[in-house]
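>>> Here is a sequence with its predicted model. Questions after.
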Amino acid sequence: MAPAVDSLSARCRVITGSLPGDRGSLQELDRHQGFDTHLKWVDDLLDRAGLEHAALCGVSFGGLVAVRYAAHRPRRTRAVVLVSTPSPTWKPNCRIERYLRSPRLMSPVFALSSPLRLYPEIARAFPNPVSRGVFTVEHLYRVTRHPFAPTAMAQRVRLMKDIDFADDCRRITAPTLIVTGTPGLDRVVTVENTREYLSAIPGARSAEIANTGHMGLVTKPKRFADTVSDFVGADLSPKVPIQVPA
(Lines give C-alpha, C1' and ligand atoms only; values in the text may rest on other atoms or scores of the structure.)
Protein backbone atom coordinates (compact mmCIF):
# COMPACT_ATOMS: atom_id res chain seq x y z
CA MET A 1 0.00 0.00 0.00
CA ALA A 2 3.07 2.26 -0.02
CA PRO A 3 2.14 4.11 -3.25
CA ALA A 4 -1.25 5.08 -1.79
CA VAL A 5 0.23 6.16 1.54
CA ASP A 6 2.93 8.22 -0.18
CA SER A 7 0.46 9.97 -2.49
CA LEU A 8 -1.97 10.69 0.33
CA SER A 9 0.88 11.99 2.51
CA ALA A 10 1.58 14.66 -0.10
CA ARG A 11 -1.90 16.07 0.55
CA CYS A 12 -2.43 15.57 4.28
CA ARG A 13 -1.13 13.91 7.41
CA VAL A 14 -1.43 10.13 7.27
CA ILE A 15 -1.29 7.73 10.20
CA THR A 16 -0.92 4.05 9.44
CA GLY A 17 0.13 0.85 11.16
CA SER A 18 0.17 -2.91 10.79
CA LEU A 19 -3.05 -4.67 11.75
CA PRO A 20 -3.20 -6.47 15.12
CA GLY A 21 -1.50 -9.82 14.80
CA ASP A 22 0.88 -8.72 12.04
CA ARG A 23 4.59 -8.21 12.54
CA GLY A 24 5.36 -4.75 13.88
CA SER A 25 1.81 -4.02 15.08
CA LEU A 26 1.04 -2.17 18.29
CA GLN A 27 -1.15 -5.09 19.36
CA GLU A 28 -1.74 -8.79 19.06
CA LEU A 29 -5.16 -10.24 18.28
CA ASP A 30 -6.93 -10.74 21.60
CA ARG A 31 -9.33 -13.69 21.67
CA HIS A 32 -11.25 -12.19 24.60
CA GLN A 33 -11.82 -8.87 22.82
CA GLY A 34 -12.42 -10.60 19.50
CA PHE A 35 -12.86 -8.34 16.49
CA ASP A 36 -13.01 -5.31 18.80
CA THR A 37 -9.27 -5.64 19.35
CA HIS A 38 -9.17 -3.42 16.27
CA LEU A 39 -11.05 -0.63 18.07
CA LYS A 40 -8.39 -0.38 20.75
CA TRP A 41 -5.74 -0.53 18.04
CA VAL A 42 -7.19 2.54 16.26
CA ASP A 43 -7.61 4.28 19.63
CA ASP A 44 -3.91 3.72 20.31
CA LEU A 45 -2.95 5.05 16.87
CA LEU A 46 -4.91 8.25 17.50
CA ASP A 47 -3.61 8.64 21.04
CA ARG A 48 0.00 8.24 19.93
CA ALA A 49 -0.60 10.93 17.30
CA GLY A 50 -2.20 13.24 19.86
CA LEU A 51 -5.53 13.35 18.00
CA GLU A 52 -9.03 13.45 19.42
CA HIS A 53 -10.63 12.53 16.09
CA ALA A 54 -9.77 11.73 12.48
CA ALA A 55 -11.15 10.57 9.17
CA LEU A 56 -10.89 6.82 8.66
CA CYS A 57 -9.86 5.30 5.34
CA GLY A 58 -10.41 1.54 5.35
CA VAL A 59 -9.29 -0.64 2.44
CA SER A 60 -10.75 -4.13 1.89
CA PHE A 61 -10.78 -5.82 5.33
CA GLY A 62 -9.69 -2.49 6.81
CA GLY A 63 -13.02 -1.08 5.72
CA LEU A 64 -14.78 -3.41 8.15
CA VAL A 65 -12.53 -2.07 10.90
CA ALA A 66 -13.51 1.47 9.90
CA VAL A 67 -17.22 0.57 9.93
CA ARG A 68 -17.00 -0.94 13.39
CA TYR A 69 -14.95 1.96 14.73
CA ALA A 70 -17.21 4.65 13.28
CA ALA A 71 -20.26 2.94 14.81
CA HIS A 72 -18.75 2.65 18.28
CA ARG A 73 -16.48 5.72 18.38
CA PRO A 74 -18.62 8.43 16.75
CA ARG A 75 -16.87 11.26 18.61
CA ARG A 76 -13.49 10.18 17.27
CA THR A 77 -14.67 9.72 13.67
CA ARG A 78 -14.87 12.80 11.43
CA ALA A 79 -15.45 10.94 8.15
CA VAL A 80 -15.32 7.42 6.73
CA VAL A 81 -13.92 6.22 3.39
CA LEU A 82 -14.52 2.56 2.51
CA VAL A 83 -12.43 1.24 -0.37
CA SER A 84 -13.27 -2.10 -2.04
CA THR A 85 -14.68 -3.37 1.25
CA PRO A 86 -16.65 -6.63 1.61
CA SER A 87 -20.34 -5.90 2.13
CA PRO A 88 -21.82 -5.76 5.66
CA THR A 89 -23.58 -9.07 4.95
CA TRP A 90 -20.54 -10.82 3.45
CA LYS A 91 -20.01 -14.48 4.29
CA PRO A 92 -17.03 -16.67 3.28
CA ASN A 93 -17.68 -18.94 0.30
CA CYS A 94 -16.56 -22.57 -0.02
CA ARG A 95 -13.12 -21.59 -1.35
CA ILE A 96 -12.44 -19.26 1.55
CA GLU A 97 -13.73 -21.83 4.04
CA ARG A 98 -11.04 -24.21 2.77
CA TYR A 99 -8.42 -21.54 3.43
CA LEU A 100 -9.77 -21.03 6.95
CA ARG A 101 -9.47 -24.71 7.81
CA SER A 102 -5.79 -24.90 6.80
CA PRO A 103 -4.42 -21.39 6.27
CA ARG A 104 -0.73 -22.35 6.24
CA LEU A 105 -1.27 -25.36 3.99
CA MET A 106 -3.44 -23.38 1.56
CA SER A 107 -1.28 -20.24 1.51
CA PRO A 108 0.72 -21.36 -1.60
CA VAL A 109 -2.58 -21.84 -3.45
CA PHE A 110 -3.70 -18.35 -2.37
CA ALA A 111 -0.38 -16.82 -3.46
CA LEU A 112 -0.32 -18.59 -6.84
CA SER A 113 -3.95 -17.76 -7.65
CA SER A 114 -3.63 -14.06 -6.80
CA PRO A 115 -1.88 -13.05 -10.06
CA LEU A 116 -4.69 -14.66 -12.06
CA ARG A 117 -7.27 -12.56 -10.23
CA LEU A 118 -5.27 -9.33 -10.37
CA TYR A 119 -3.76 -9.36 -13.86
CA PRO A 120 -6.88 -8.18 -15.77
CA GLU A 121 -7.05 -4.95 -13.77
CA ILE A 122 -3.28 -4.41 -13.99
CA ALA A 123 -3.52 -4.76 -17.77
CA ARG A 124 -6.38 -2.22 -17.89
CA ALA A 125 -4.57 0.24 -15.62
CA PHE A 126 -1.35 -0.03 -17.65
CA PRO A 127 -2.13 -0.51 -21.37
CA ASN A 128 1.53 0.12 -22.19
CA PRO A 129 3.46 -3.18 -21.76
CA VAL A 130 6.58 -1.42 -20.49
CA SER A 131 4.68 0.51 -17.79
CA ARG A 132 2.83 -2.68 -16.90
CA GLY A 133 6.09 -4.57 -16.52
CA VAL A 134 7.64 -1.86 -14.35
CA PHE A 135 4.62 -1.78 -12.06
CA THR A 136 4.50 -5.58 -11.78
CA VAL A 137 8.16 -5.81 -10.78
CA GLU A 138 7.79 -3.01 -8.22
CA HIS A 139 4.64 -4.53 -6.74
CA LEU A 140 6.15 -8.03 -6.54
CA TYR A 141 9.06 -6.50 -4.66
CA ARG A 142 6.70 -4.88 -2.14
CA VAL A 143 4.70 -8.09 -1.70
CA THR A 144 7.88 -10.15 -1.22
CA ARG A 145 9.30 -7.67 1.24
CA HIS A 146 6.08 -7.56 3.26
CA PRO A 147 4.53 -11.06 2.98
CA PHE A 148 1.01 -11.80 4.17
CA ALA A 149 0.41 -13.75 7.40
CA PRO A 150 -2.03 -16.58 6.52
CA THR A 151 -2.81 -17.58 10.11
CA ALA A 152 -3.61 -14.00 11.16
CA MET A 153 -5.72 -13.49 8.03
CA ALA A 154 -7.75 -16.60 8.80
CA GLN A 155 -8.23 -15.56 12.42
CA ARG A 156 -9.54 -12.15 11.36
CA VAL A 157 -12.15 -13.72 9.09
CA ARG A 158 -13.29 -16.01 11.92
CA LEU A 159 -13.67 -13.01 14.25
CA MET A 160 -15.87 -11.27 11.67
CA LYS A 161 -18.53 -13.94 12.06
CA ASP A 162 -19.54 -12.63 15.49
CA ILE A 163 -20.13 -9.05 14.33
CA ASP A 164 -23.35 -7.55 12.95
CA PHE A 165 -21.85 -5.07 10.50
CA ALA A 166 -25.27 -4.24 9.08
CA ASP A 167 -26.33 -2.92 12.47
CA ASP A 168 -23.04 -0.99 12.76
CA CYS A 169 -23.75 0.64 9.40
CA ARG A 170 -27.07 1.99 10.63
CA ARG A 171 -25.29 3.61 13.60
CA ILE A 172 -22.73 5.57 11.53
CA THR A 173 -23.35 9.32 11.56
CA ALA A 174 -20.08 10.54 9.99
CA PRO A 175 -19.98 11.53 6.30
CA THR A 176 -19.16 8.39 4.33
CA LEU A 177 -17.67 7.78 0.88
CA ILE A 178 -17.73 4.38 -0.85
CA VAL A 179 -14.84 3.98 -3.31
CA THR A 180 -14.76 1.23 -5.92
CA GLY A 181 -13.08 0.40 -9.18
CA THR A 182 -14.74 -0.35 -12.50
CA PRO A 183 -17.41 -3.09 -12.41
CA GLY A 184 -15.96 -6.39 -13.56
CA LEU A 185 -12.33 -5.54 -12.76
CA ASP A 186 -12.36 -6.22 -9.03
CA ARG A 187 -11.91 -9.99 -8.81
CA VAL A 188 -11.39 -9.94 -5.02
CA VAL A 189 -14.44 -7.99 -3.76
CA THR A 190 -16.96 -7.22 -6.48
CA VAL A 191 -18.00 -3.62 -7.02
CA GLU A 192 -21.63 -4.62 -6.49
CA ASN A 193 -20.70 -6.13 -3.13
CA THR A 194 -18.98 -2.97 -1.93
CA ARG A 195 -21.78 -0.73 -3.16
CA GLU A 196 -24.19 -2.37 -0.73
CA TYR A 197 -22.87 0.20 1.75
CA LEU A 198 -24.64 2.94 -0.20
CA SER A 199 -27.97 1.67 1.09
CA ALA A 200 -26.63 0.36 4.41
CA ILE A 201 -25.05 3.63 5.67
CA PRO A 202 -27.32 6.69 5.82
CA GLY A 203 -26.24 9.40 3.38
CA ALA A 204 -23.28 7.47 1.95
CA ARG A 205 -21.89 8.70 -1.36
CA SER A 206 -19.91 6.85 -4.02
CA ALA A 207 -16.83 7.38 -6.19
CA GLU A 208 -15.32 5.20 -8.89
CA ILE A 209 -11.65 5.08 -9.84
CA ALA A 210 -11.95 4.16 -13.51
CA ASN A 211 -9.90 1.37 -15.06
CA THR A 212 -9.02 -0.13 -11.69
CA GLY A 213 -10.22 -3.00 -9.53
CA HIS A 214 -9.14 -4.03 -6.04
CA MET A 215 -5.71 -2.46 -6.51
CA GLY A 216 -6.73 1.02 -7.62
CA LEU A 217 -4.97 2.61 -4.66
CA VAL A 218 -1.61 1.27 -5.91
CA THR A 219 -2.14 1.27 -9.70
CA LYS A 220 -3.61 4.81 -9.64
CA PRO A 221 -2.34 6.20 -6.31
CA LYS A 222 -2.58 9.89 -7.25
CA ARG A 223 -6.18 9.53 -8.38
CA PHE A 224 -6.93 7.57 -5.20
CA ALA A 225 -5.33 10.25 -3.04
CA ASP A 226 -7.27 13.01 -4.81
CA THR A 227 -10.54 11.13 -4.25
CA VAL A 228 -9.90 10.61 -0.54
CA SER A 229 -8.42 14.02 0.28
CA ASP A 230 -11.09 15.91 -1.64
CA PHE A 231 -13.80 14.12 0.30
CA VAL A 232 -12.41 14.52 3.79
CA GLY A 233 -11.27 18.09 3.17
CA ALA A 234 -7.73 17.38 4.28
CA ASP A 235 -6.77 21.06 4.09
CA LEU A 236 -9.25 21.85 6.87
CA SER A 237 -7.72 20.72 10.17
CA PRO A 238 -8.43 18.53 12.10
CA LYS A 239 -9.75 16.16 9.43
CA VAL A 240 -6.80 13.79 9.22
CA PRO A 241 -7.10 10.54 7.23
CA ILE A 242 -5.94 7.28 8.75
CA GLN A 243 -4.87 4.57 6.33
CA VAL A 244 -6.13 1.22 7.63
CA PRO A 245 -4.30 -1.58 5.81
CA ALA A 246 -6.04 -4.25 3.79
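Structure's in. What do you need? Since this is a predicted model, take the numbers as computed values, not measurements.

>>> so what's the residue most central in space within the chain bridging to?
By CA atoms, centre = their mean, the chain has its centre lying nearest to residue 59, at 1.2 Å. With DSSP bridges as the criterion, residue 59 is bridged to residue 83.

>>> May I ask you to confirm that it is in contact with residue 85?
Yes - Residue 59 is in contact with residue 85 according to CB atoms under 8 Å; the separation is 7.5 Å. Any C-beta I mention is one placed from the backbone N, CA and C, and that applies to glycine too.

>>> Can you get me the start-to-end distance on stretch 185-194?
13 Å (CA to CA, to the nearest Å).

>>> buried ones in that stretch?
185-186, 188-191, 193-194 (16 or more other CB atoms under 10 Å).

>>> Could you do stretch 134-154 as well?
In stretch 134-154, counting by 16+ other CB under 10 Å, buried: 135, 139, 149-150, 152-154.

>>> Then stretch 49-66?
51, 53-66.

>>> before we move on, the earlier item: any figure for the gap between the residue nearest to the centre of the chain and residue 84?
Residue 59 sits 7 Å away from residue 84, going by CB to CB, to the nearest Å.

>>> shaky segments in the chain?
Along the chain, segments meeting pLDDT under 70 span 99-100, 103-113, 234-246.

>>> Run a quick neighbour tally on residue 75.
7 (other CB atoms under 10 Å).

>>> In this structure it contacts residue 54, no?
No - with contacts counted by CB under 8 Å, residue 75 stays clear of residue 54, the gap being 11.3 Å.

>>> Excluding sequence neighbours, find me the nearest residue to residue 10.
residue 225 (7.0 Å; CB to CB, 6 or more residues apart in numbering).

>>> whoops, I mixed them up, residue 20
Per CB to CB, 6+ apart, closest to residue 20 is residue 27, 4.3 Å.

>>> Same question for residue 192.
Using CB to CB, 6+ apart, the closest residue to residue 192 is residue 183 (7.1 Å).

>>> separation between that neighbour and residue 212?
11 Å.

>>> try residue 226
Residue 226 is 13 Å from residue 212, by CB to CB.

>>> higher neighbour count, the two?
Comparing residue 226 with residue 212 by neighbour count (other CB under 10 Å), the higher total belongs to residue 212, at 25 against 16.
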